[in-house]
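K.L.:
sequence plus predicted model, see below.
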Amino acid sequence: MILLKKCLILIVYLSGFVFAETEFSKPKPAIDHPRKIIFSIDSTDDIEVNHVISTVNNVIKYYRPENTEVAVVVYSQGVKVLLKNSDVNTRKRIEALMTYDIEFIACENSLRTLGIKKKDLIPDLSYGTAGIVEIIERKLRGFTYIKL
Amino acid sequence: MILLKKCLILIVYLSGFVFAETEFSKPKPAIDHPRKIIFSIDSTDDIEVNHVISTVNNVIKYYRPENTEVAVVVYSQGVKVLLKNSDVNTRKRIEALMTYDIEFIACENSLRTLGIKKKDLIPDLSYGTAGIVEIIERKLRGFTYIKL
Amino acid sequence: MILLKKCLILIVYLSGFVFAETEFSKPKPAIDHPRKIIFSIDSTDDIEVNHVISTVNNVIKYYRPENTEVAVVVYSQGVKVLLKNSDVNTRKRIEALMTYDIEFIACENSLRTLGIKKKDLIPDLSYGTAGIVEIIERKLRGFTYIKL
């Protein structure tokens, strides 16, 4: 038993050591103090889109999903990524993020400009009149905007 | 008269519905609480420059010009865009924005590095010693910086 | 003596005039109120990397090194720039910045993904578990993030 306890203490100590490097700001991320973060997608470039999706994945893994409130604002050419008949793998990755309550917000101005109907987009999206305005207003509500 | 009133109520209701999607943060944008926003131009790439100009246009249209205070910091190669003999259409679009009190701020360090004289730039520009410093100082004064 | 004094007043006046253009926000940058700024490097592209390095140089020259606290978060492919056997000139420029206490923070997730060992990187780096998380947490501690 004592050996087990020592092992546990060692594990706690080591894991504390490994994760100590990025210092959390106060208040620390928690369910009632979630990290509020916005990302954006403004092109259909596969590398860029997947870079955003992977980064969102890493961020929620790091903070844990319950300690985050993440929104991805999709505007300009980027809205094409949200089409039902867009790339299957990208769609799967986006829908997987949505199961963790990541909000994908499509820019209605961009949809109108590109002649895209909402019924042709994947379900359960959020909508904002203008992508940039959505980003500005959320920043004013305490979201951190990370432009990749 | 009653029909007219019902129509008016319907219009108010519908327009409220249409514009309800992007939620304004508090304090709402107003003449005495303008949304302060900085954009930047750091290249002469036509698509990028026009993307910034169009976005500024959309943003002031959305908030209304009187509820905004918008500055565009122009630095690095981007200052060439402000030359009097630069692309005519771009110049017209920039001058049109300036009539709405959008401030274009040229980086003096970039001008010096590129050997450009102020007298060769379009009139009524603002100047800052260093573009990035201008952005940092304005962020500290409550401007939201949107890097496109 | 009076002539000398007048000259000094003129110099003070002129230098005040020349540097008046970028207005400092309050509190003004000072040793006990340093400007806290984060930059990032996420690619090995020579032009981009040198753009970041030059900008850091300009920023600390403008504010003076003692009035700044600058960190450069290096993540994704960018961590290759920190390899001991990376480009010699870039390494010299990075090490020169480090003598001014500019902190270079390598993303450990990126190192792991790319199979790079810390012992192969230049000495005296800082480390963070995840580059983007490092940026987010520092923003919450009052750093201004400038994405170039």
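P.N.:
Noted; the coordinates are in hand. Numbers count the residues shown, from 1 in each chain, chains lettered A, B, ... in the order given.

K.L.:
how close does the residue lying closest to residue A:25 once chain neighbours are set aside get to residue C:38?
P.N.:
Leaving aside its sequence neighbours, residue A:25 sits nearest to residue C:140 (CB to CB, 6 or more residues apart in numbering or on different chains; 3.9 Å). For the C-beta atoms, the positions are set from N, CA and C on the backbone; glycine is no exception. Note on residue C:140: its distance to residue C:38, by CB to CB, to the nearest Å, is 11 Å.

K.L.:
the more surrounded of these two?
P.N.:
Neighbours were counted for residue C:140 and for residue C:38 using other CB atoms under 10 Å in any protein chain shown; residue C:38 has more, 20 against 16.

K.L.:
close enough to count as contact, the more buried one and residue C:141?
P.N.:
No: counting by CB atoms under 8 Å, residue C:38 does not reach residue C:141; the two are 10.1 Å apart.

K.L.:
can you tell me the SS state at the residue of chain A found nearest chain C?
P.N.:
Closest contact between chain A and chain C, by CB to the nearest CB, is at residue A:25 (3.9 Å). Per DSSP: H, G, I helix; E, B strand; the rest coil, the secondary structure class of residue A:25 is coil.

K.L.:
if I look at it, how far off is residue A:88?
P.N.:
Going from residue A:25 to residue A:88 by CB to CB gives 39 Å.

K.L.:
and what of residue A:127?
P.N.:
23 Å.

K.L.:
out of these two, which sits in the busier spot?
P.N.:
Neighbour count, other CB under 10 Å: between residue A:127 and residue A:88, residue A:127 has more, with 15 against 8.

K.L.:
residues near the residue nearest to residue A:100 when sequence neighbours are not counted, how many?
P.N.:
With sequence-adjacent residues excluded and distances taken as CB to CB, 6+ apart, residue A:100 is closest to residue A:65, at 4.6 Å. Using other CB under 10 Å, the number of residues around residue A:65 comes to 16.

K.L.:
from residue B:140, how far out is residue A:65?
P.N.:
Applying CB to CB, the value for residue A:65 to residue B:140 is 33 Å.

K.L.:
hey, where'd the strands end up in chain A?
P.N.:
Per DSSP state E, chain A carries strands over the ranges A:35-41, A:68-74, A:103-107, A:126-128, A:144-145.

K.L.:
CSV for these, including distance to residue B:119?
P.N.:
Output for the strands of chain A, formatted as CSV (distance: least, CB to CB, whole Å):
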stretch, distance to residue B:119
strand A:35-41, 39
strand A:68-74, 41
strand A:103-107, 41
strand A:126-128, 43
strand A:144-145, 38
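
K.L.:
including distance to residue B:103 and mean pLDDT, could the ones you listed go into a markdown table?
P.N.:
A markdown table is the format used below for these (distance: least, CB to CB, whole Å; pLDDT from 0 to 100):
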| stretch | distance to residue B:103 | mean pLDDT |
| --- | --- | --- |
| strand A:35-41 | 25 | 98 |
| strand A:68-74 | 26 | 98 |
| strand A:103-107 | 26 | 98 |
| strand A:126-128 | 26 | 97 |
| strand A:144-145 | 22 | 98 |
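
K.L.:
for the ones you listed, give me JSON lines that also has distance to chain B.
P.N.:
JSON lines is the format used below for the strands of chain A (distance: least, CB to the nearest CB, whole Å):
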{"stretch": "strand A:35-41", "distance to chain B": "10"}
{"stretch": "strand A:68-74", "distance to chain B": "10"}
{"stretch": "strand A:103-107", "distance to chain B": "9"}
{"stretch": "strand A:126-128", "distance to chain B": "4"}
{"stretch": "strand A:144-145", "distance to chain B": "8"}
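
K.L.:
what's the closest of these to residue B:105?
P.N.:
Each of these was scored for nearness to residue B:105 using CB to CB, and the closest is strand A:144-145 (21.5 Å).

K.L.:
so the residue of chain A closest to chain C makes contact with residue C:141?
P.N.:
Yes: Residue A:25 is within contact range of residue C:141, at 4.8 Å (criterion: CB under 8 Å).

K.L.:
what bits of chain A have low per-residue confidence?
P.N.:
A:1-21 (pLDDT under 70).

K.L.:
contact residues of it facing chain B?
P.N.:
For chain A, the contact set with chain B under CB under 8 Å from any CB of the partner chain comprises A:42, A:76, A:108-109, A:127-130, A:132-141, A:147.
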